[in-house]
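Visitor: Quick check, what structure comes out for this input:
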Amino acid sequence: MSTNTESESADAQPATTPNDGSSDVESEMDVDDATTAETAENTQPKGEPEPDLESEPDSEPEQESNTDGEADEDVEEDAEEEADVGTGPPSQFQAAIMGGDIKEFVGTLRAIVDEAKFNVEPDGIQVRAVDPANVAMDDGVLSAGAFESYDASEGVLGLNLERLEGVLKLAKKDDLVELSFDTNTFKLVIYIDGVEFTMACIDPDSIRSEPEIPDMDLPASFTVDESQIRRGVKAADMVSDHIQIRCDETEQAVFIEAQGDTDDVSLELTEEEYTELTAVDAEALFSLDYVKDISRKFPKNAAISITFGTDFPMMIEYEFADGECEILSMIAPRIRSN
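Guide: Numbers count the residues shown, from 1 in each chain. The predicted structure is shown next:
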């Protein structure tokens, strides 16, 4: 089942949010920005009392008031200029990257969302996105070192990931993919092995705001080859629609488990499978659909680091492109009803 987000944009394609039918309640990450707007409305200053029209105004206070008004206008103009710099498209963006690396990057994001803001910087690209249910989040950084060539100024590009992923299917792993932003048409130009594709960008303001990564104390952690995670997910998928990660401090082991109506499965990851292990008693239950969609995008032979705590979100981290691309995925736990 796909967990890709339903876009608020007219260009986006509908997506399906996982629903495993259990009585458990999916925990939401605190990234909802709707309350911010409500707070802003409630805190608008009330109108000032009407002046006494019969009294004569004092000239000196009136001059101070005008000065203050001019200062306020200057502050507002500066704020507007800063906002334009932060949300507008880059004045310069031209890059070339190997097909395998850009396909890995976009495919990872596409696992949970259909569109995203690409924050373009002179030293690379950063993307952070959360699915509509507030269950999964991706934070990806593609540094300039991952590109064969890279020349960019600061700006934001809103991109439809489904369309972009479709275009990138034209590229083989070792093909050079050239990307540029046309400031006249406000479109992304993609050139792959003689094929030029021009893709319309999305207004970044129409895309959901990036969430903040919560500060959490997650005591248990381990690092294993991606094949071990895939194996555990495949086994869990045979019996259930959710998956449990459990760490046993006494046994110095991690278990990937699932319980179905009639069958159970448990995969023990022993000392031989770990690159690193911080064994602390902890366990958390997660929607299998989210874990499955994220894990199927793991690069082959990648070292996957997982950090979690009892009934806390799970952090999944890995790198590719010779360490020039870093991915952090976070999945909220399911809160089990008693």
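Visitor: Okay, helices next: where are they in the stretch 151-300 of the chain?
Guide: Here the stretch 151-300 of the chain has its helices, by DSSP state H, counting those that start in this stretch, at 161-168, 226-236, 288-295.
Visitor: Comparing those, which stretch has the densest surroundings?
Guide: A comparison of the helices of the stretch 151-300 of the chain by mean neighbour count, using mean count of other C-beta atoms under 10 Å, puts helix 288-295 on top with a mean of 23. Quick note: C-beta positions are derived from backbone N, CA and C, even for glycine.
Visitor: now the angle from it to helix 226-236?
Guide: 160 degrees (axes from the mean of the first three to the mean of the last three C-alpha atoms, to 10 degrees).
Visitor: ok, back up a step: export the helices of the stretch 151-300 of the chain as TSV, with columns for distance to Ala258.
Guide: As requested, these are exported to TSV (distance: least, C-beta to C-beta, whole Å):
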stretch	distance to Ala258
helix 161-168	30
helix 226-236	4
helix 288-295	7
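Visitor: Mind checking the ones you listed for the one nearest to Glu319?
Guide: Glu319 lies closest to helix 226-236 among the helices of the stretch 151-300 of the chain, at 11.6 Å (C-beta to C-beta).
Visitor: lowest-pLDDT helix or strand in the protein?
Guide: helix 34-42 (a mean of 39; mean pLDDT, DSSP states H and E).
Visitor: per-domain residue ranges of this protein.
Guide: 89-205, 220-335 (automatic domain parsing).
Visitor: Turn the ones you listed into TSV, columns for mean pLDDT and distance to Ile213.
Guide: Below are those laid out as TSV (pLDDT from 0 to 100; distance: least, C-beta to C-beta, whole Å):
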stretch	mean pLDDT	distance to Ile213
domain 89-205	96	7
domain 220-335	94	7
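Visitor: Quick one: closest of the ones you listed to Glu212.
Guide: domain 89-205 (9.1 Å).
Visitor: Do I have it right that Glu249 meets Leu277?
Guide: No: taking contacts as C-beta atoms under 8 Å, Glu249 lies outside contact range of Leu277: 10.4 Å.
Visitor: Turn the domains of the chain into TSV, including distance to Pro211.
Guide: As requested, those are exported to TSV (distance: least, C-beta to C-beta, whole Å):
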stretch	distance to Pro211
domain 89-205	5
domain 220-335	9
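Visitor: Provide the strand pairings for the one helix or strand Lys117 maps to, with the direction of each partner.
Guide: Per DSSP states H and E, Lys117 falls inside strand 115-121. Next to strand 115-121 in the sheet, as set by DSSP bridges, lie strand 124-130 (antiparallel), strand 155-160 (antiparallel).
Visitor: nearest to Leu176, of those strands?
Guide: strand 124-130 (17.2 Å).
Visitor: Residues contacting the helix or strand following the closest one, please?
Guide: Next along the chain after strand 124-130, taking DSSP H and E as the criterion, comes strand 136-143. Here strand 136-143 makes contact (C-beta atoms under 8 Å, 6 or more residues apart in numbering) with 3, 29, 31, 101, 105, 108-109, 111-113, 123-131, 211, 213, 290, 294, 321, 324-332.
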